[in-house]
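Trainee: I would like the atomic coordinates for the input below:
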Amino acid sequence: MAPDSACSCFITAFLIPYLLMVILAGIPLFYMEILIGQFSSTGCTGMFRMTPLLKGTGIAQVVVNAYCVCYYSVIISYPIRMIFYCFFKKVPWEDCSNSWNTDDCVTASDVGKQNSSDVFKTSADEFFHLEVLRISTDISDLGGMVWEQLTALIITWIIIYFCLMRGIKSVGKVVYFTVPFPYLLLFILLIRGATLPGAWKGIKFYLYPEWHRLLDLKVWADAAVQMFFGIGPGWGGIVNMASFSSFRNNAKCDSVLIVSINVFTSLLAGFVVFSVLGFLSEKSGIPVESVATGGAGLAFVTYPEAIALLPVPQLWALMFFFMLFLLGIDSVFVQLEAIMSSILDEWYWVRSHKCKLTLISCLIFLGLSSIMCTNGGMFILQLFDWYSSAIAVIVICLVEIIMVAWIYGIKNFMLDVEFMLGKRPTLYWRIVWQVVTPVIIIFILITSIVFIRTITYNNIPYPQWAIIIGWASCFTSVMWIPLYIFYIMIRKRATLCDSLKKRLKPLDWTPADPQDRAEYEAFRRQRRMPGFMSDTDMESSK
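Mentor: Have a look, this model is predicted:
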């Protein structure tokens with residue numbers, strides 16, 4: 001989730017641009033990536049056999065996923081820590097009588113009694129920052145290791161390893177539980193939240209449209225970024241998962257269904273969150289808009305703060321944090337599978353060592369993410385969450401849509417779909433893929449850069465050197481796109497023009513199954529379309 005959009009994405013005025021972005025960019029990109037993966041049976045680097053010159057985009061996807069896996073694994077280790085505290089006689093964030101509390105601590109029910117000039121922190125805020133994170137003063141002070149947090153991270157990676165060690169077969173079994181069970185918990189939390197005093201105050205705030213915000217370009221930019229994080233185009237995971245689908249699978253139905261479920265889940269989560277925020281507002285005596293926060297604070301401070309006011313808070317906290325863990329770990333499964341599938345697509349000999357590759361990958365990412373378990377770890381996590389992925393993924397999506405619609409050619413792509421599904425996509429999809437979606441992505445890219453805010457965490461600003469590192473994390477992913485083009489130019493002995501022409505043509509872009517491949521080549525001959533170069537042809541042309 002994009003920084004600070006966690007809260008705003010639930011407001012009705014936000015939903016209008018969000019839904020438009022989903023319809024005009026999200027679904028077309030999702031559908032396109034499913035078609036690519038299903039047709040080629042390859043992951044996020046293999047898909048660029050469609051245009052070999054742009055293979056660096058696949059490398060960029062791997063790097064973005066690597067950054068995200070590092071910090072996201074730490075985020076989903078927080079619920080493991082919080083679940084541990086749910087077995088205490090009382091949840092430790094409900095009052096200010098603990099060893100870590102300061103003189104500025106107040107309970108949620110006493111917040112409304114404070115003067116506006118008073119400096120205070122809620123008991124839930126102090127619990128999360130002073131006990132769970134044991135946070136330092138800023139990013140320049142990493143401090144020591146928070147061993148309890150490192151233990152939770154190790155447990156997280158052990159779970160990830162055992163779920164992924166046999167690849168898609170083991171993941172397929174795990175998601176039968178990790179996907180539907182959070183919905184059960186969401187509905188339970190919704191019913192409980194809706195029956196609380198003041199719940200309708202929060203729901204009214206959630207549903208009441210602020211039409212003037214539709215004129216704010218920043219709202220549209222935030223909605224677009226949220227769409228990229230929520231639906232997942234450009235990360236490579238969609239292509240990778242689709243590569244395991246049946247060749248004749250109804251990709252359009254899958255695309256519309258999955259995206260619709262995603263939007264429904266966002267709406268449902270909004271009701272769950274704001275019903276409880278309304279209750280917290282009622283108890284504390286402060287407005288809902290002042291109660292609501294964004295980012296990690298919503299999940300690990302504000303919502304637990306409200307839960308502490310309920311009877312048997314341990315039960316509700318346990319369900320909430322278990323749900324967060326399940327939702328988060330599914331994302332890590334997809335991202336890590338995208339990385340490993342790319343490695344397997346490039347080096348076939350590794351395929352017989354999938355278990356070892358998974359173990360090595362998990363150990364490497366555990367080591368890299370462990371720095372975020374230090375006292376200053378949250379500052380590092382926030383830095384990479386803020387800069388490393390959002391803009392990079394938008395650039396990747398722009399390259400993808402240009403590759404399919406303009407370089408490979410929309411006519412070729414339509415023929416591929418017609419062969420695979422027996423029916424050519426309608427004129428609507430041609431217009432969207434060629435014109436509408438690229439224009440919207442360019443708009444999203446420009447507004448995302450223009451409206452990016454100066455990074456802070458907990459009102460603590462970051463030094464300039466940290467901001468440079470943040471932008472460098474973005475650059476180190478997208479740089480592979482031009483670097484690979486440059487590499488191809490200097491490596492080949494042909495002239496610049498010849499080298500470009502050869503590498504812009506598809507390389508062995510055919511179905512993986514031998515029978516489907518033979519039928520596809522016959523289909524192209526029947527339509528009087530030229531065949532594509534094979535690996536052998538490419539080698540002979542060097």
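
Trainee: which ones are touching the closest residue to residue 423 other than its chain neighbours?
Mentor: Residue nearest to residue 423 in three dimensions, not counting chain neighbours: residue 417, with 7.9 Å by CB to CB, 6 or more residues apart in numbering. C-betas here are computed from N, CA, C, even on glycine. For residue 417, the contact set (CB atoms under 8 Å, 6 or more residues apart in numbering) comprises 35, 39, 423, 424, 425.

Trainee: Now with 10 Å, please.
Mentor: 31, 32, 35, 36, 38, 39, 251, 252, 423, 424, 425, 429 (CB atoms under 10 Å, 6 or more residues apart in numbering).

Trainee: Kindly report the same for residue 477.
Mentor: Residues counted as contacts of residue 477 (CB under 10 Å, 6+ apart) are 57, 59-67, 388-389, 391-393, 395-396.

Trainee: where's residue 514 relative to residue 46, distance?
Mentor: 17 Å (CB to CB, to the nearest Å).

Trainee: Those two: which has the busier surroundings?
Mentor: Using other CB atoms under 10 Å, the more surrounded residue of residue 514 and residue 46 is residue 46, with 24 against 9.

Trainee: ok, which stretches of the stretch 301-450 of the chain are helices?
Mentor: 303-307, 313-346, 354-369, 377-387, 390-402, 410-421, 427-431, 437-450 (DSSP state H, counting those that start in this stretch).

Trainee: Highest mean neighbour count out of the ones you listed?
Mentor: helix 303-307 (a mean of 28; mean count of other CB atoms under 10 Å).

Trainee: helices or strands next to that helix in the packing?
Mentor: helix 123-126, helix 180-194, helix 251-284, helix 313-346 (3 or more CB pairs under 10 Å, 6 or more residues apart in numbering; DSSP states H and E).

Trainee: hang on, the earlier thing: please indicate which of the contacts of residue 417 are buried?
Mentor: Taking 16 or more other CB atoms under 10 Å as the criterion, what is buried in the contacts of residue 417 is 31, 32, 35, 36, 38, 39, 251, 252, 425, 429.

Trainee: Mind picking the one among the residues you listed that's closest to residue 106?
Mentor: Residue 106 lies nearest to residue 31 out of the buried ones among the contacts of residue 417, by CB to CB, at 50.4 Å.

Trainee: neighbours of residue 110, just the number please.
Mentor: Neighbourhood size, residue 110 [other CB under 10 Å]: 16.

Trainee: mind checking pLDDT for the most centrally placed residue in the chain?
Mentor: Nearest residue to the geometric centre of the chain (CA atoms, centre = their mean): residue 229, 4.1 Å. For residue 229, the pLDDT comes out at 84.

Trainee: Ok, residue 152 next?
Mentor: Looking at residue 152, its pLDDT is 97.

Trainee: my guess is it contacts residue 146, does it?
Mentor: Yes. Under the criterion of CB atoms under 10 Å, residue 152 makes contact with residue 146 at 9.4 Å.

Trainee: what sits in contact with each of the two?
Mentor: 81, 132, 373.

Trainee: ok, those residues vs residue 263, which is closest?
Mentor: Taking the shared contacts of residue 152 and residue 146 together and measuring to residue 263 by CB to CB, the closest member is residue 81, at 30.7 Å.

Trainee: show me where the stretch 101-250 of the chain has strands.
Mentor: 105-106, 121-122 (DSSP state E, counting those that start in this stretch).

Trainee: need the next SSE after the lowest-mean-pLDDT helix or strand in the chain, C-terminal direction.
Mentor: Counting by mean pLDDT, DSSP states H and E, the weakest-scoring helix or strand in the chain turns out to be helix 5-8, with a mean of 41. As assigned by DSSP states H and E, the chain's next helix or strand after helix 5-8 is helix 12-21.

Trainee: Can you mark which positions in that next one are buried?
Mentor: Those would be 13, 14, 15, 16, 17, 18, 19, 20, 21, for helix 12-21 by 16+ other CB under 10 Å.

Trainee: helices or strands next to that helix in the packing?
Mentor: Applying 3+ CB pairs under 10 Å, 6+ apart, one finds that helix 12-21 contacts helix 5-8, helix 199-207, helix 217-231, helix 251-284, helix 437-450.

Trainee: what's the most buried one of those helices?
Mentor: Among these, helix 217-231 has the highest mean neighbour count (mean count of other CB under 10 Å), at a mean of 22.

Trainee: Keeping just the C-alphas, turn that helix into PDB.
Mentor: The C-alpha trace of helix 217-231 is given here as PDB (Å, rounded to 0.1, in the frame of the first residue of the first chain):
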ATOM      1  CA  LEU A 217      -5.200  16.100  -8.800                       C
ATOM      2  CA  LYS A 218      -3.400  14.600  -5.800                       C
ATOM      3  CA  VAL A 219      -6.500  12.500  -4.900                       C
ATOM      4  CA  TRP A 220      -6.400  11.100  -8.400                       C
ATOM      5  CA  ALA A 221      -2.700  10.400  -8.200                       C
ATOM      6  CA  ASP A 222      -3.100   8.600  -4.800                       C
ATOM      7  CA  ALA A 223      -6.000   6.600  -6.200                       C
ATOM      8  CA  ALA A 224      -3.900   5.500  -9.100                       C
ATOM      9  CA  VAL A 225      -1.000   4.500  -6.900                       C
ATOM     10  CA  GLN A 226      -3.400   2.600  -4.700                       C
ATOM     11  CA  MET A 227      -4.700   0.800  -7.800                       C
ATOM     12  CA  PHE A 228      -1.200  -0.400  -8.700                       C
ATOM     13  CA  PHE A 229      -0.500  -1.700  -5.200                       C
ATOM     14  CA  GLY A 230      -4.000  -3.300  -4.700                       C
ATOM     15  CA  ILE A 231      -4.400  -5.000  -8.100                       C
END
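
Trainee: Off-centre distance for that helix?
Mentor: Centroid separation for helix 217-231 versus its chain: 12 Å, with CA atoms, centre = their mean, to the nearest Å.

Trainee: In terms of secondary structure, what does it contact?
Mentor: By 3+ CB pairs under 10 Å, 6+ apart, helix 217-231 packs against helix 5-8, helix 12-21, helix 27-40, helix 251-284, helix 390-402, helix 437-450.

Trainee: For residue 320, which of the ones you listed is the nearest?
Mentor: That would be helix 251-284 among these, by CB to CB, at 9.0 Å.

Trainee: Give me the distance from that closest one to the chain's centre.
Mentor: Computed by CA atoms, centre = their mean, the chain-centroid distance of helix 251-284 equals 16 Å.

Trainee: Equivalent analysis for stretch 466-480, please.
Mentor: Distance of stretch 466-480 from its chain centroid, counting by CA atoms, centre = their mean, is 18 Å.

Trainee: Would you mind putting the CA coordinates of stretch 419-438 into CSV?
Mentor: Extracted in CSV, the C-alpha atoms of stretch 419-438 (Å, rounded to 0.1, in the frame of the first residue of the first chain):
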residue,chain,number,x,y,z
PHE,A,419,-5.7,-18.4,-31.4
MET,A,420,-5.6,-19.1,-27.7
LEU,A,421,-9.2,-18.3,-26.8
GLY,A,422,-10.9,-18.8,-30.2
LYS,A,423,-12.2,-15.3,-30.3
ARG,A,424,-10.5,-12.0,-31.0
PRO,A,425,-10.9,-9.2,-28.3
THR,A,426,-13.4,-6.5,-29.2
LEU,A,427,-12.6,-3.0,-30.6
TYR,A,428,-13.0,-1.7,-27.0
TRP,A,429,-9.9,-3.6,-25.9
ARG,A,430,-7.9,-2.4,-28.9
ILE,A,431,-8.7,1.3,-28.1
VAL,A,432,-8.0,0.9,-24.4
TRP,A,433,-4.7,-0.9,-24.9
GLN,A,434,-3.4,1.4,-27.7
VAL,A,435,-4.6,4.8,-26.4
VAL,A,436,-6.6,5.1,-23.2
THR,A,437,-4.4,3.1,-20.8
PRO,A,438,-1.0,4.4,-22.0
